[in-house]
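Asks: Here is a sequence with its predicted model. Questions after.
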Amino acid sequence: MVSRIRAPLFVPADRPERFAKAAASGADAVILDLEDAVAAESKDRARAALTCAFTDLPVIVRINATGTPWHEADLAAVRALPVAGVMLPKAEGPVSVATVCRALAGHAPVLALVESALGLANARGIAALPGVARLVFGSVDYCADLGCAHLREGLLPARTELVLASRLAGKAAPLDGVTVQLDDPAVTADDARHARDLGMGGKLCIHPKQTAGVLQAFLPSEAEIGWARRVLASGDGAVSVDGAMVDEPVRLRARTILADAGQAA
């Protein structure tokens, strides 16, 4: 289930009055956040407010990181709920992530949030863990860890490595990090298209206005669908379509586009 999510929306877990609004935003999943969005003095109250009853959408809970005072209680809380997944922040090594997977005992898959240099260096080992369903890029924290600007050119190697690590492990394409600009949904949509072009499979959202653009960005365009149909109608072997060579790898891409569009190839 979590492997097909493209535009999950964060909502602070200590704001239960926002849960249903988040589910009605157009997002395809809701992330109840116990970590960054919740102040230390509100952690217990947020944990007590956790529920999946407000929606039929997948509900993911971002717990607090391993080693924090709230981690074990968070794990116990999510084990008592029918969550679709558990997002683990500060995922930095296979051993610590595997410990969380064992603690969940198959109750829910882990979405490993890679947000540091160490996490990126260990991304392939983390992705290969059976209990990890998907990698997620914590790009803002990653930049803070490296002391670099949150710019596409600087983040390109990290995004590419997460895509490669996911593919090598046979896992779904990773979720990209957030766009912090909230006043212009077009910026988020453009960021999402960039992430899709790099091979990522979705993008975290932090405002309801962002979800529609992200979902649209990760769907094939009408031009791509038309191209895919022409390619698959061109026959076998090496042929020319729209002035470009088409062979079996190109046809594979065309089939993927139509499958993503929900159409039979």
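Replies: Yes, it's here.
Asks: Find the residue at the geometric middle of this structure.
Replies: The centre of the chain sits closest to residue 175, judged by C-alpha atoms, centre = their mean, with a distance of 2.5 Å.
Asks: isn't that residue right next to residue 205, touching?
Replies: No: using C-beta atoms under 8 Å, residue 175 makes no contact with residue 205, being 10.1 Å away. Heads up, the C-betas are built off the backbone N, CA and C, glycines and all.
Asks: Any figure for the gap between the residue nearest to the centre of the chain and residue 25?
Replies: 17 Å (C-beta to C-beta, to the nearest Å).
Asks: What of residue 241?
Replies: For residue 241 relative to residue 25 (C-beta to C-beta), the value is 39 Å.
Asks: More neighbours: the two, which one.
Replies: Neighbour count, other C-beta atoms under 10 Å: between residue 241 and residue 25, residue 25 has more, with 21 against 16.
Asks: my guess is the more buried one contacts residue 7, does it?
Replies: No: the pair residue 25 / residue 7 is not scored as a contact, 9.1 Å apart, by C-beta under 8 Å.
Asks: Identify the contacts common to those two.
Replies: residue 211 (C-beta atoms under 8 Å, 6 or more residues apart in numbering).
Asks: Which elements pack onto the helix or strand hosting residue 229?
Replies: Taking DSSP states H and E as the criterion, the element that holds residue 229 is helix 222-232. The contact analysis (3 or more C-beta pairs under 8 Å, 6 or more residues apart in numbering; DSSP states H and E) places helix 222-232 against strand 239-241, helix 248-260.
Asks: if we go to 6 Å?
Replies: Helix 222-232 sits against helix 248-260, with contacts defined as 3 or more C-beta pairs under 6 Å, 6 or more residues apart in numbering; DSSP states H and E.
Asks: Alpha carbons only: can I get the helix it packs on in PDB?
Replies: In PDB, the C-alpha atoms belonging to helix 248-260 read as follows (Å, rounded to 0.1, in the frame of the first residue of the first chain):
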ATOM      1  CA  GLU A 248      12.700  -2.900 -26.600                       C
ATOM      2  CA  PRO A 249      14.000  -0.700 -23.800                       C
ATOM      3  CA  VAL A 250      12.000   2.200 -25.200                       C
ATOM      4  CA  ARG A 251       8.900   0.000 -25.400                       C
ATOM      5  CA  LEU A 252       9.500  -1.000 -21.700                       C
ATOM      6  CA  ARG A 253       9.400   2.700 -20.800                       C
ATOM      7  CA  ALA A 254       6.200   3.100 -22.900                       C
ATOM      8  CA  ARG A 255       4.500   0.200 -21.000                       C
ATOM      9  CA  THR A 256       5.500   1.800 -17.700                       C
ATOM     10  CA  ILE A 257       3.900   5.100 -18.700                       C
ATOM     11  CA  LEU A 258       0.600   3.500 -19.700                       C
ATOM     12  CA  ALA A 259       0.600   1.400 -16.500                       C
ATOM     13  CA  ASP A 260       1.200   4.500 -14.400                       C
END
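Asks: so it versus helix 222-232, what angle?
Replies: 130 degrees (axes from the mean of the first three to the mean of the last three C-alpha atoms, to 10 degrees).
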